[in-house]
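S.K.: Build me a structure from this.
(2 chains)
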Amino acid sequence: MFSCYYCNFCKNRKTTGPFTQIPNPKSVLILPKKKKKNRAAHQYHLHLSSVAAGRQPSPLRRPLSPASSVIGAHHRCVPVKLLLPPSPAFTTVVAFSAPAFSRRGPTSFQISALKPEEEAASVAKAQKLRALQTQFFSFHHNKIYTKEAVELSAKLLEINPESYTPWNYRKLAVEHYLSQPDCNPDSIKSVLDDELRVVENALRQNFKSYGAWHHRKWVISKGHSSIDNELRLLDKFQKADSRNFHAWNYRRFVAESMKRSEQDELKYTEDMIYKNFSNYSAWHNRSVLLSALFEKKAEGFLSKEKVLPEEYEFIHQAIFTDPDDQSGWFYHLWLLDQTVTTDSPLLASSWPAHGYDVLLVEERCYNVTVECGFNKNEDLLWKPLSASNSQTARVWVAHLKIPSSDLHSTVEVSVGHSKGIISTRGFEYSHPSMFSFKVHVQPMERDFSQVSVAESISLREENFMIYGTQSEESIINSFNQLSIKNGHESTASNWRSEALAKEIECFRELKIGKLTLARLLMACDVMSYPFANKLVHSEEVLELYSDLMKLDPTHYQYYKDEHSMVLLQKVTSSKESLLQHCFQYKDSVSSAICGPICLRLNNLSLSRMGAFEKLLWVQMLDLSDNELQSIEGLEAMQLISCLSLRNNKLRSLTALEPLRKLKLLRVLDISYNEIGDHSIDTTRYLCSSPLSHSVGSESNKDETVTSDVALIDNWEAFYIFKDFNLNQLDIVGNTIADEKFKSVLVKIVPKLKQLDGKLLG
Amino acid sequence: MRQSKNPNIDNKTDKEHMFRYSQILELRRWIKVIFRWKNFALLNVTNYLISVTKHELSTQCLSPLITGADFETMESFRSLTVTQRDQILVEQQVFDIFKTFYNLPPSSQSFMLELQRENHVEYLTKGLTGLGPSFCVLDANRPWICYWILHSIALLDEFVDPELEDNTIDFLSRCQGPNGGYAGGPGQASKILDIIIVKLLPTIFCMLTMPHLATTYAAVNSLVTLGGDKALSSINREKLYMFLRQMKDASGGFRMHDGGEIDVRACYTAISVASLLNILDDELVQNVGNYILSCQTYEGGISGEPGSEAHGGYTFCGLATMILINEVDRLDLSSLTDWVVFRQGVEGGFQGRTNKLVDGCYSFWQGGIFALLKRLNSTKGVKPIPLGDGEGSGEESPQTTASSDAAGEEGLNEDLSLGGSHSKIGDQHNTSSQVNVIDIDHNHSKGHANELNGGLRDKPGKSRDHYHTCYCLSGLSVCQRSWLEDEDSPPLPRAVLGPYSNLLEPIHPLYNVVLDRYREAHEFFTKS
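M.R.: Purely as a prediction, here's the structure:
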């Protein structure tokens, strides 16, 4: 379907592999490759000169060097009429093997140029084929599996390996034969060998035939034929086209069926790579084989410790031989991934953190939300926090009910004892760990969320005070405890750090691969972070990404995103740097000294949010004046009650989807974004599937509530805002935010007290 | 492997070596690339004349614009791998076209870029009314030829004449099996096959062949493209549904045909057909997502079957299927986006797999992925009812997909911002179309030398065919609209490439049928 059938055909003819069929000596004589090329160049230039109106044809045609001028002149002497040799032999050949030999000639010419006698010949040939087919189908329908009938199907397949009906017929014939009472192992073998021979012939005709490869698999899986021959056959095909994915697939199949060891196959990929290190198929198969070996924990592959450094050595040869070649870099990426990732997810952080005192200043005891990287307590119901409906997530949440009688209690949460917490990579969290925190329930004095009910929160410069370090019992103090240390990986990962360090050194020295270097440095930092507690290389990485943005503007956005992530990691990596972004919110009206803490990550030209594991405690977040187009992942920050996304690049209401999971959100500022600027919503698919139509019917009950609202026109707003408990919303400065829309909003969000700074009645 | 250090590298250390793509894309314009070859060349200037004679043959593969320096490049071919040599040859062929093009006065440029609609239509219609016997290799795929041709004609906003249309419908109905699905050729021998369409191939399967998913997809898309009650009602949906159920494997995937292979292609064709005909249900969808998920490789793209390497066509199929079954968020979309972005070669076109040559048909397979990531498929007029509550319902939640956009949109210039990729896709697309279109015109210029010819092809040096004509045009249509931010506004002139008359009809990127025809079919099948 993706590869052109014509081309399969012609590639087949063109290859110089073992199965090359020289189609017709005449055609070779008439159409040597070299002349074809000549002609093309020629025609092209003839045309160009006519386009240039003959004024000055020479600049186009003037060769750039004396040498090529010689050649050029030589070529240009070729008379035009040679372009289309009128010999009948030529046309016949072309007509029958058009895909292979009409490279340059216009097809219509070939078709129209068919002389009567040739046409008659081709019709005769067609009729012959038709007769064969008619006969074949009558055999097929009458379930005749005689020798003659089976041979006929082979003949058809030789002509066209893509026709799948004869393949199926042959399968039926084999089954029929096997069901005969008088068949013995020898005859079965000979029947199956016949099948293999037919497949081989068909593959010579078209080595990309899906049907033929599948038939071969079918025959082999019958188990009666010798499989050793298959590798020899594959060698031939893989020599002819080393990138043929059918052949590689079949190779994996054969290796598995004959229980050929992965080590042997590994050796084979090595040989292939030595022959042509650009052969990405071989590199890819290597990654597949190594993954399998790691999984099986095969002899010599028990740990990656020994294997991966060798692989690095191996790939260096390819990369450094020609840094321009794509294949090696991809394999390197896989290696890096293998080096960095551990199969078992780690508990990165939790809120409340271990040893932390939670102060509940609330009478109506709302649930304490406990979040952990990946974890699970038998009694707690952990829910994945992810956008999709999948049961894997990076952040898991459990809700804890604190008995109101218990004014001061210590809560111990243990995670990882039972199943169910699955990381996004599909691995289960299985390291039992525990953290505890204290809960104090205090009689309510004045709660922040109450403040917002009465007064407006204005995230303006004048309302922020530099957060003093003097505050004793601060959230930030528990910062160091946020990351839960996992001792069990520390020793095992020594070799990882070593491997990374070696790679970094190597790439630095050779000054190639800025992107790879940046990735390596970041991986190195992340790996050593829990122990070193600071990011050593972040400055360098940021610089690398800045360079890349300039050097490779085509992939600007990719580097920009990575830059944002590194920047966020840097900001959150130490208490000192984080404190620079923490401000105390001070209300202009009330003069309460102890306002809530606001994390201000404004004006950092962020294009993406990250480092959530360090920010679980944040209640007030200022992300204004950035370049955010999406706030994916923000749902992890469950405690947020006040959020500013002012002056970003959000393009649609559906981009706010993560906010739907923030149940405590009361104040939201999305003013001066690009919502409504563009009618194409790049954040979601619309009515792409009939299935999605049925899903919508569930919301009918809601529809009645807001029946007076033009729901159809504002379904996005309805979808996003209907679950919000917002008190205060700013939406000014968006194309969508006209008066009509605002009136709809007021209806959708009944609790709204303030819209764009105006109090609602 | 060769020596671990190549002398060439010393010469280049001052340059930035990153990923091959990154580095080369930055050298995108041909001038710079020519400089690069010159660097190669400086190594061995003295051998220059010798190499001229030695390499006469290989230089002839290139155009006469090659300089002496390039012969040195040829010299260094010896140390290059086969893959690299082929790559350089293609690059040079394409850049020569570019170079010539940029040297032309603007008026000629515009002429060169003009899509020769009449020629294409002529070429296509001819294909529908009769092909040479050489096409017997495609014998088992005749609905495909119908689809390629009809879809191309629809893209050019042309119609086939009513008689031909009737014949095509008739032909396809005869491909429809008694138990549903479409076979590669017509079923029961009909009366004398006097109909033009069956002249398609003089070699005709007069008997029943069995239904096949790929040809079913092609036949259904052809009929949708033809439109009209007759065409649409000729599809036996109940039987087709039964056929799809039969093809469903216990693993969740689909078989191409009875006893056939299971792969991502089969999943796409089955789900696409079911969705288009409004017969998609949970039974069909069950576990398809798991199967496709198991085919996403570490590169980011999707392979044909588990364990294989990522491939452009399969990635399109996998992604489109996941969208159709509302499970797209399960894929790692950001790595998929990265993978596709890096599949664009310096030439502007797309390669199908890592380190392969660019090919015009991937303008659609890979380019269409961008359209899918950008959600161009939002259909106007049919507004969905707001989806149910996020928790638990089968609804598709766009958070993870949002990331790829977030990542993607907006390059340096605000006005160029586009969704869906880590790069400025508009730019990408445009260049990809450039190759195609210039390529078309290269073809045309040839045509002028002889008679005018239509049709598009894989890459310069290959011959035209219907498959590439179809997918090059589809790709062009996709990229003409890739800069769009609004459904109703017409594409920008610069996005159209060439004169504005080049604008093709928009397609529905999930099914690759022209959008209007999709809407008609959608209405038809939701009604009934």
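
S.K.: where along the stretch 651-761 of chain A do the strands fall?
M.R.: Ranges of strands in the stretch 651-761 of chain A, per DSSP state E, counting those that start in this stretch, are A:667-669, A:728-730, A:754-755, A:758-759.

S.K.: Those strands: which one's closest to chain B?
M.R.: Nearest of the strands of the stretch 651-761 of chain A to chain B, taken as CB to the nearest CB: strand A:667-669 at 17.2 Å. Quick note: C-beta positions are derived from backbone N, CA and C, even for glycine.

S.K.: Tell me the pLDDT of residue 473.
M.R.: Since you didn't name a chain, this refers to chain A. The model reports residue A:473 with a pLDDT of 45.

S.K.: sorry, should have said chain B
M.R.: 89.

S.K.: Pull the contacting residues for it.
M.R.: Each residue near residue B:473 by CB atoms under 8 Å, 6 or more residues apart in numbering or on different chains is listed here: B:120, B:151-152, B:155-156, B:456, B:504.

S.K.: In the stretch 401-550 of chain A, which residue sits closest to chain B?
M.R.: For the stretch 401-550 of chain A, CB to the nearest CB, closest residue to chain B: residue A:512, 3.8 Å.

S.K.: Check the strands of the stretch 651-761 of chain A for me: which has the lowest mean pLDDT.
M.R.: When I compare the strands of the stretch 651-761 of chain A, strand A:758-759 is least confident, with a mean of 83.

S.K.: And the closest residue to residue B:509 other than its chain neighbours, how close does it get to chain A?
M.R.: Counting by CB to CB, 6 or more residues apart in numbering or on different chains, residue B:509 lies nearest to residue B:371, which is 3.9 Å off, once chain neighbours are set aside. Distance from residue B:371 to chain A, counting by CB to the nearest CB, to the nearest Å: 11 Å.

S.K.: neighbours around residue B:371, how many?
M.R.: A total of 27 residues lie near residue B:371 under the criterion other CB atoms under 10 Å in any protein chain shown.

S.K.: Residue A:730 now?
M.R.: 23.

S.K.: How about the one 4 residues further on?
M.R.: The tally of other residues near residue A:734 (other CB under 10 Å) stands at 20.

S.K.: Could you find the closest non-adjacent residue to it?
M.R.: residue A:675 (4.1 Å).

S.K.: check contacts around the one you found.
M.R.: Counting by CB under 8 Å, 6+ apart, residue A:675 has contacts A:650-653, A:655, A:731, A:734-737.

S.K.: out of these, who's nearest chain B?
M.R.: Nearest to chain B among these, with distances taken as CB to the nearest CB, is residue A:655, at 5.9 Å.

S.K.: So is stretch A:263-272 next to chain B?
M.R.: No. Applying CB under 8 Å from any CB of the partner chain, one finds stretch A:263-272 separated from chain B by no less than 9.6 Å.

S.K.: gap between residue B:103 and chain A?
M.R.: For residue B:103 relative to chain A (CB to the nearest CB), the value is 7 Å.

S.K.: swap that for residue B:234, sorry
M.R.: 21 Å.

S.K.: ok, now residue B:223?
M.R.: On the measure of CB to the nearest CB, residue B:223 and chain A end up 18 Å apart.

S.K.: now do residue B:373
M.R.: Counting by CB to the nearest CB, the gap from residue B:373 to chain A is 8 Å.

S.K.: And for residue A:182, the neighbour number?
M.R.: Count around residue A:182 with other CB under 10 Å applied: 5.

S.K.: Look up phi and psi at residue A:599.
M.R.: phi -90, psi 120 (degrees, to the nearest 10).

S.K.: any idea how the chain splits into domains?
M.R.: With no chain named, the answer covers chain A. A:128-314, A:452-464+A:587-761 (automatic domain parsing).

S.K.: right idea, wrong chain: chain B
M.R.: B:3-103, B:117-389+B:396-527.

S.K.: Ranked by average pLDDT, which of those falls at the bottom?
M.R.: Across the domains of chain B, the lowest-scoring stretch is domain B:3-103, with a mean of 45.

S.K.: neighbours around residue B:280, how many?
M.R.: Residue B:280 - counted by other CB under 10 Å - has 22 other residues nearby.

S.K.: Hmm, it is touching residue B:288, no?
M.R.: No. At 10.3 Å, residue B:280 and residue B:288 do not qualify as touching, with contact defined as CB atoms under 8 Å.

S.K.: Find residues that contact each of those two.
M.R.: Common neighbours of residue B:280 and residue B:288 (criterion: CB under 8 Å, 6+ apart): B:271, B:325.

S.K.: can you confirm residue A:271 is in a strand?
M.R.: No. Under DSSP: H, G, I helix; E, B strand; the rest coil, residue A:271 falls outside any strand and is assigned helix.

S.K.: which SSE is the closest residue to residue A:146 other than its chain neighbours in?
M.R.: Leaving aside its sequence neighbours, residue A:146 sits nearest to residue A:139 (CB to CB, 6+ apart; 7.9 Å). Here residue A:139, judged by DSSP states H and E, is contained in helix A:116-141.

S.K.: just the strands in chain B please.
M.R.: Taking DSSP state E to define them, one finds strands in chain B at B:350-351, B:358-359, B:456-457, B:464-465, B:507-508, B:513-514.

S.K.: Take those strands and write them to TSV, including distance to chain A and mean neighbour count.
M.R.: Shown next, in TSV, are those (distance: least, CB to the nearest CB, whole Å; neighbours: other CB atoms under 10 Å in any protein chain shown):
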stretch	distance to chain A	mean neighbour count
strand B:350-351	9	24
strand B:358-359	8	26
strand B:456-457	9	28
strand B:464-465	5	27
strand B:507-508	9	25
strand B:513-514	14	28
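
S.K.: of all those, which lies closest to residue A:715?
M.R.: Closest to residue A:715 of the strands of chain B is strand B:507-508 (CB to CB; 21.6 Å).

S.K.: any residues touching that closest one, and which ones?
M.R.: So strand B:507-508 is contacted by B:155, B:377, B:379, B:474, B:477-478, B:513-515, B:518 (CB under 8 Å, 6+ apart).

S.K.: go again using 7 Å as the cut-off
M.R.: Contact with strand B:507-508 is made by B:377, B:474, B:477-478, B:513-515, B:518, as judged by CB atoms under 7 Å, 6 or more residues apart in numbering or on different chains.

S.K.: what's the closest of those residues to chain A?
M.R.: The closest of the contacts of strand B:507-508, once distances to chain A are taken by CB to the nearest CB, is residue B:377, at 5.5 Å.

S.K.: about what we covered before: would you agree the residue of the stretch 401-550 of chain A closest to chain B is in contact with residue A:322?
M.R.: No. The pair residue A:512 / residue A:322 is not scored as a contact, 10.6 Å apart, by CB atoms under 7 Å.

S.K.: Just want to check the distance between residue A:395 and residue A:572.
M.R.: 16 Å (CB to CB, to the nearest Å).

S.K.: Please apply the same query to residue A:523.
M.R.: For residue A:523, the distance to residue A:572 - CB to CB - is 18 Å.

S.K.: before we move on, what about residue B:212?
M.R.: In this view, residue B:212 and residue A:572 are 56 Å apart by CB to CB.

S.K.: Neighbour count: these two, which is higher?
M.R.: residue B:212 (31 against 22).

S.K.: Quick one, grab the pLDDT at residue A:395.
M.R.: 74.
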